[in-house]
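**Student:** build me a model:
(2 chains)
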Amino acid sequence: MRRENAEPQAVRRRGSPYGLRALVPGLGHLALGRTGRGIRLMLFSAGVIFLGVWRWDRVIDAFSTPFLDRWLASIFLVLLLVGAVWYSHQDAGRIQRASVEEKRRGKSPWAVAMRRFRENRLAVYSIYVILLFYALAILAPILAPYDPAAIPDVMANRYLSPSWEHPFGTDEFGRDLFSRALYGARVSLSIGLLAMIIAKTIGTLYGSVAAYFGGVVDNVLMRIVDVWIAFPTFYLMLMLVGVFEANIVVLVLILGLTAWPGTARFIRGEILSLKNQAFTESARAIGLPAHRIIVRHLIPSALSPVLVTAALAVAGMIGAEAGLSYLGLGIRPPTPSWGNMVAAGKDNLLNAWWVAFFPGGLLTLTLISFSLLADGLRDALDPKALMQKYV
Amino acid sequence: MLKYIVKRLLLSVPLVLGIVTATFFIARLAPGDPMDMYLERQRQRHVDPEVIELLRKRYGLDQPIHVQYVTWVKNVAKGDFGESFRHRRPVRDLVAEAVPYTLQLTILALLLDALFGIALGIISAVKQYSKLDKTLTVGSLIVYAIPGFWLALMLIMLFSVNLGWFPTSQTRSMNYEDLNMIGKFLDRMWHLALPVFVLGIAGAAATARYMRSRLLEVLNEEYIVAARARGFRERTVIIKHALRNALIPIVTIYGMSLPFLLGGATIIETIFAWPGMGRLTVSAVSGRDYPIIMATTTIAAVLTVLGNLLADVTYAAVDPRVSYDAPRKR
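**Tutor:** All right, here's what the predicted structure looks like:
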């Protein structure tokens, strides 16, 4: 507080952060001399506004339909703009204060990790790619130029090569592949994320319960893990899709339920080393119940390596879903997923290369981005593990 | 050593029993019984109920579940996985036919993996932080992340469909029977080229990263400094002193590829119509041919257990610092 009062002049000289500057994203940055970030923020919000105006009818119509995904897309578009304004205001304020105060660099492990992560340019780009893809997936109902399921005049429209009207071309039924790829992104990306969350949640809880209680509980729980982990993951998934008819929900469950034991084993090891440390002892001493100690004290301490594996797990899940759908055992055709879109193009590589190329290319870009992200996270969170094998 | 192996084998027995049990009950989780699922999948819903009863009896599905379970465990112990619904032949024979094909594919893929992976790993470790190293490290990450089925299709498109250099799929040419020994061998290699490349390149990428990190670890050891101080050439230091120790964990990693070696590659085998274990499994899953699914899943899991055992044993065998025989009595 005192520091702020020490030099009120400096703040005033640069103008009030309210008014027009608070409303136009990036304007504050331009005034403060942060041209790069200012222009990026402006372009971003201009893009969002352009999209909103261009597809105004769709944004508005969404609310008169019963489709949740269309509501979500419209709300998300508004949130993007609000978010840009808010972030710009906050960030400009922070820069302004930082120029007055002496520069304080965070010393917490998270701040250090964050700085180290930012230095890894590939990892930062891959975050942008991932965020972009997820945003495109959510905005699909607004963005998609055509209805992904609509079959127009088949004879006139089938297998059109990429053009301005159809950036990714059309498939054997004359459906626009760009629109289908956008909707396919929703399926593929959300399955990956949800399955990862399920796997990591189950694995973390399971492993920490086993480690915390130890003894017979640990023994029984870990023997189950031993059996589960012996199955090669993809074989287990194949067997499960052979038993249950796969739709999106079932597939998420199958992927999530096959992939948790690795996390369980890992977390167990971490917790075992934490559970006799002083902070756990004192938590026990003040009489906290076991579930509280596990959830509030042990799991947070063991979580940062899980973050790295989480990024890899999303890639693994998206890849597995694509593989299963490619084989015709995952998401079934009229619903587009990147995997079954590639499969649809596999028999016509000679005349219509674009059918298999684009969805697979997006899939590849996504998987590469998640791998680079995981690599960056690992380097940032644990410099000792810099040289660990990428699994 | 022998004592350790025997002990580990004995410890694996309950694990294998667990695997066999899990496979059985997962397959029975399906609504209805396997025969219903199979017939539904085969679009044979209107089969005469009497025929279905006969089929059930033939596959032992008319027995109570616990009897079926005991029979399953007993038969697996004898190496008998029952009879395929679709092929009406013992699963064991189908597997025996598929394994040689899978082995041709996976052995070559592992060779490619080891050759390129180890070589590239050494290069990037020796030139740590150089441009070449950075390119190789990021490149291997990217190559590893590319989904195999898409890479396979793109290669087929480029080299088979457009350029016509390699066959798109299958194991042999039309005139295979007319070829002499060398011709047959070359023809097989020609058909193997693309699938082996796709499988090998992903493995090589992972191996290269692992090799790099192991070698860097060893290069920081004091005996390497000592060797350099004694004036050995850098070549000698790396090849004779560092590499030997760096290769130990790599060797054990290959112990763990046992399930891949025999279990094959599901998607790649399917793409290239390669009649190995992977494609057998995938086609069985598509056709709900439960005896085959159960058999290949069980085999793959048991191989994983054996692979881990093999990795630990080779580790003890090649690294004199690790000894499992000496009990921890002090």
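
**Student:** where does residue 311 fall, secondary structure wise?
**Tutor:** You didn't pick a chain, so chain A it is. Assigning secondary structure by DSSP states H and E places residue A:311 in helix A:304-326.

**Student:** other chain: chain B
**Tutor:** helix B:290-318.

**Student:** residues contacting the nearest residue to residue A:76 once chain neighbours are set aside?
**Tutor:** Spatial nearest neighbour of residue A:76, chain neighbours left out: residue A:138 (4.9 Å); criterion: CB to CB, 6 or more residues apart in numbering or on different chains. C-beta: built from backbone N, CA, C; applies to glycine. Taking CB atoms under 8 Å, 6 or more residues apart in numbering or on different chains, we find residue A:138 in contact with A:72, A:73, A:76, A:186.

**Student:** please repeat the previous calculation with a cut-off of 10 Å.
**Tutor:** A:69, A:72-73, A:75-77, A:79-80, A:182, A:185-186, A:189-190 (CB atoms under 10 Å, 6 or more residues apart in numbering or on different chains).

**Student:** any chance of JSON lines for those residues, columns secondary structure and pLDDT?
**Tutor:** Listed next are those as JSON lines, based on DSSP: H, G, I helix; E, B strand; the rest coil; pLDDT from 0 to 100:
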{"residue": "A:69", "secondary structure": "helix", "pLDDT": "80"}
{"residue": "A:72", "secondary structure": "helix", "pLDDT": "85"}
{"residue": "A:73", "secondary structure": "helix", "pLDDT": "84"}
{"residue": "A:75", "secondary structure": "helix", "pLDDT": "86"}
{"residue": "A:76", "secondary structure": "helix", "pLDDT": "87"}
{"residue": "A:77", "secondary structure": "helix", "pLDDT": "87"}
{"residue": "A:79", "secondary structure": "helix", "pLDDT": "89"}
{"residue": "A:80", "secondary structure": "helix", "pLDDT": "88"}
{"residue": "A:182", "secondary structure": "helix", "pLDDT": "89"}
{"residue": "A:185", "secondary structure": "helix", "pLDDT": "90"}
{"residue": "A:186", "secondary structure": "helix", "pLDDT": "89"}
{"residue": "A:189", "secondary structure": "helix", "pLDDT": "91"}
{"residue": "A:190", "secondary structure": "helix", "pLDDT": "90"}
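
**Student:** buried ones among the residues you listed?
**Tutor:** Buried members of the contacts of residue A:138, scored by 16 or more other CB atoms under 10 Å in any protein chain shown, are A:73, A:77, A:80, A:182, A:185, A:186, A:189, A:190.

**Student:** chain B next: which of these are close?
**Tutor:** Contacts with chain B within the buried ones among the contacts of residue A:138, as defined by CB under 10 Å from any CB of the partner chain: none are present.

**Student:** of all these, which comes closest to residue B:244?
**Tutor:** Using CB to CB, residue A:189 comes nearest to residue B:244 of the buried ones among the contacts of residue A:138, at 45.5 Å.

**Student:** look up how far chain B lies from the closest one.
**Tutor:** Computed with CB to the nearest CB, to the nearest Å, the distance linking residue A:189 and chain B is 14 Å.

**Student:** which residue is the nearest non-sequential neighbour of that residue?
**Tutor:** Nearest non-adjacent residue to residue A:189, counting by CB to CB, 6+ apart: residue A:137, 5.1 Å away.
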